[in-house]
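In: Need coordinates for the below:
(one chain, ligands or ions: 1)
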Amino acid sequence: MVGASAAGLTAAESLRRRGWDGHLTVIGEEPHPPYDRPPLSKQILTGAWGPERATLRSPPDLARLRADLRLGQYATALDVPSRRVRLGGGESIGFDALVIATGVAPRRLPDSDLAGVHVLRTLDDAIALRAALRARPRVVVVGAGFLGTEVAAAARTMGLEVTVVEPEQVPVRRPFGDRIGALVAELHRDHGTRLHCGVPVRRLRGAGGRVTGVDLGDGTTLPADVVVLALGAAPATGWLAGSGLRLGDGVECDAYCQAAPGIYAAGDVASWPNARFGTRMRLEHRMNAIEQAMAAVGNLLGDATPFAPVPYFWTDQYDTRIQAFGIFPPDPEMRIVYGSPSDGRFAAAYGHRGRVVGVLGWNAPRQVRTLRRMVVDRAPWTTFAAIPALSPAIVN
Ligand SMILES: Cc1cc2nc3c(=O)[nH]c(=O)nc-3n(C[C@H](O)[C@H](O)[C@H](O)COP(=O)(O)OP(=O)(O)OC[C@H]3O[C@@H](n4cnc5c(N)ncnc54)[C@H](O)[C@@H]3O)c2cc1C
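Out: Okay, the predicted model is just below:
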């Protein structure tokens, strides 16, 4: 396994659970034992948890894997014909089968090396950002996707002055559309977070090597002591350049998560055609990392089962948990099918090409689990089409 996080660890554990007894090497660039990323932008950033609580397995559990765990080592190249992975130190490791689970790396801006500019992907990033937030800085978050909005919520929960900048008109617009985006914007404004939506960032401003602000496209300058870049991430495939594997948006696999004979990919780095939805996808979701790693290992051992999950994602912001099952294509139909946004508790169904393709729950875990069945069954959209599209509660 290359990558020793959610997907790489799950792949290793699945191999053992399925009775495979041979030699197993897990290579991970980070020095820490495998840990969980979702708490980094939530409990660890607010300080509700110490960093050690993100650890995924105890030392005895890791020992039971009987793996040659190469932490702090990174793969620099893959030679497919000779079936070898080269490491940073020059060593090369042979394999009969390989699982690529190298995840993604955060995008940055020019001048990202100014002191006070942070990204949040790793435990070390979270520890550094947490330390910076404790000095009670003025915080500007660039990007209002899930990561950006979670960081803003965590910083506001700590009582800090927080501004979020987003080129789209509303937060999280790309996955969930304008109406849910408007509700997320309202949630943040209600908690005192400032939002600058519909404005691009022009550049970071600095003095003496330290960030002092963010210049926006409309001529505004937002003063800042800490800037968090939450601009999305790119698949960590640099080490695979020249390997001959198809690298598009991530490692391009077939429906069985296989990129080449005996070479599989799983988690954030992998793209594959999901037959359930008839579309190629790459997901940056915690649950998918586990499910895909198990599927890849199953196929490596001969299952020959296409990987066709219903994607699941959640985000926690202030006192709100948003959960989403399924897919959210651009311009879907959407109906509130339970509760009401004004009560802070509702579920919405999304339709596309005559089928229910996604459900979203806003503090509605039970309802969204029930509705998930309709996505699994690809229920006809006529079930919901009769509900008025613009419930007055949603229009703000
Ligand atoms: C702050 C944060 C909050 C999140 N919150 C949520 C959430 O609320 N809900 C949700 O569903 N998902 C969330 N996610 C996404 C979720 O954590 C990821 O989907 C999941 O971690 C993917 O696991 P992975 O193993 O595929 O990749 P990663 O966790 O990225 O692990 C890849 C590992 O491979 C290592 N690596 C990379 N290149 C090399 C190399 N060449 N050699 C060796 N090692 C290498 C990396 O250092 C890394 O440790 C969050 C992510 C972050 C960063």
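In: May I see the buried residues of stretch 129-137?
Out: L129, R130, A132, L133, P137 (16 or more other C-beta atoms under 10 Å). Yep, even glycine has a C-beta here, placed from its N, CA and C like the rest.
In: Make sure the second one is actually in contact with A48.
Out: Just to be clear, that refers to R130. No - the criterion here is C-beta atoms under 8 Å, and R130 misses it with A48 at 10.9 Å.
In: shared neighbours of these two, anything?
Out: By C-beta atoms under 8 Å, 6 or more residues apart in numbering, R130 and A48 have no common neighbours.
In: What parts of the protein come near the ligand?
Out: 2-8, 27-30, 37-38, 40-41, 74-75, 101-104, 120-121, 147, 236, 239, 267-269, 284-287, 289, 313-315 (C-beta under 6 Å from any ligand atom).
In: quick one: what helix or strand has the nearest residue to V170 once chain neighbours are set aside in it?
Out: Sequence neighbours aside, G181 is the residue nearest to V170 in space, at 3.0 Å (criterion: C-beta to C-beta, 6 or more residues apart in numbering). Using DSSP states H and E, the element containing G181 is helix 173-190.
In: other SSEs contacting that helix?
Out: When contacts are defined as 3 or more C-beta pairs under 8 Å, 6 or more residues apart in numbering; DSSP states H and E, helix 173-190 packs onto helix 146-157, strand 194-197, strand 312-317, strand 320-326, strand 333-340, strand 355-362.
In: what residues does that helix touch?
Out: Residues outside helix 173-190 that contact it (C-beta under 8 Å, 6+ apart) are 144-146, 149, 152-153, 156, 164, 168-172, 195, 197, 317-318, 320, 322, 324, 328, 331-332, 334, 341, 348, 360, 362, 394, 396.
In: Tell me the buried residues in that helix?
Out: Applying 16+ other C-beta under 10 Å to helix 173-190 flags 173, 175-177, 179-185, 187-188 as buried.
In: List every C-alpha atom in that helix, with coordinates, as CSV.
Out: Provided in CSV are the C-alpha atoms of helix 173-190 (Å, rounded to 0.1, in the frame of the first residue of the first chain):
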residue,chain,number,x,y,z
ARG,A,173,-22.7,25.9,-4.2
ARG,A,174,-21.0,23.4,-6.4
PRO,A,175,-22.1,20.3,-4.5
PHE,A,176,-25.5,21.4,-3.3
GLY,A,177,-26.8,24.3,-5.3
ASP,A,178,-27.9,27.9,-4.5
ARG,A,179,-30.7,27.1,-2.1
ILE,A,180,-28.7,25.0,0.3
GLY,A,181,-25.8,27.4,-0.2
ALA,A,182,-28.0,30.3,0.9
LEU,A,183,-28.9,28.4,4.1
VAL,A,184,-25.3,27.7,4.8
ALA,A,185,-24.6,31.4,4.3
GLU,A,186,-27.4,32.2,6.7
LEU,A,187,-26.1,29.7,9.3
HIS,A,188,-22.7,31.4,9.2
ARG,A,189,-24.0,35.0,9.4
ASP,A,190,-26.3,34.0,12.3
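In: now that helix, how far from the chain's geometric center?
Out: Centroid separation for helix 173-190 versus its chain: 18 Å, with C-alpha atoms, centre = their mean, to the nearest Å.
In: Give me the pLDDT value at whichever residue of the stretch 251-396 of the chain sits closest to the ligand.
Out: For the stretch 251-396 of the chain and the ligand, the shortest gap (C-beta to the nearest ligand atom) falls at G267, measuring 2.1 Å. Here the pLDDT value assigned to G267 is 98.
In: for D316, same thing?
Out: Looking at D316, its pLDDT reads 96.
In: who's it bridged to?
Out: Counting by DSSP bridges, D316 forms beta bridges with R321.
In: doesn't K42 make contact with it?
Out: Yes - contact criterion C-beta under 8 Å: D316 and K42 qualify, at 5.4 Å.
In: what touches both of those two?
Out: Counting by C-beta under 8 Å, 6+ apart, the contacts common to D316 and K42 are E150.
In: so the residue of the stretch 251-396 of the chain closest to the ligand makes contact with V2?
Out: No - counting by C-beta under 8 Å, G267 stays clear of V2, with 11.1 Å between them.
In: sorry, back to before: separation between the residue of the stretch 251-396 of the chain closest to the ligand and R108?
Out: Distance, G267 to R108, by C-beta to C-beta, to the nearest Å: 22 Å.
In: All good on my end, thank you.
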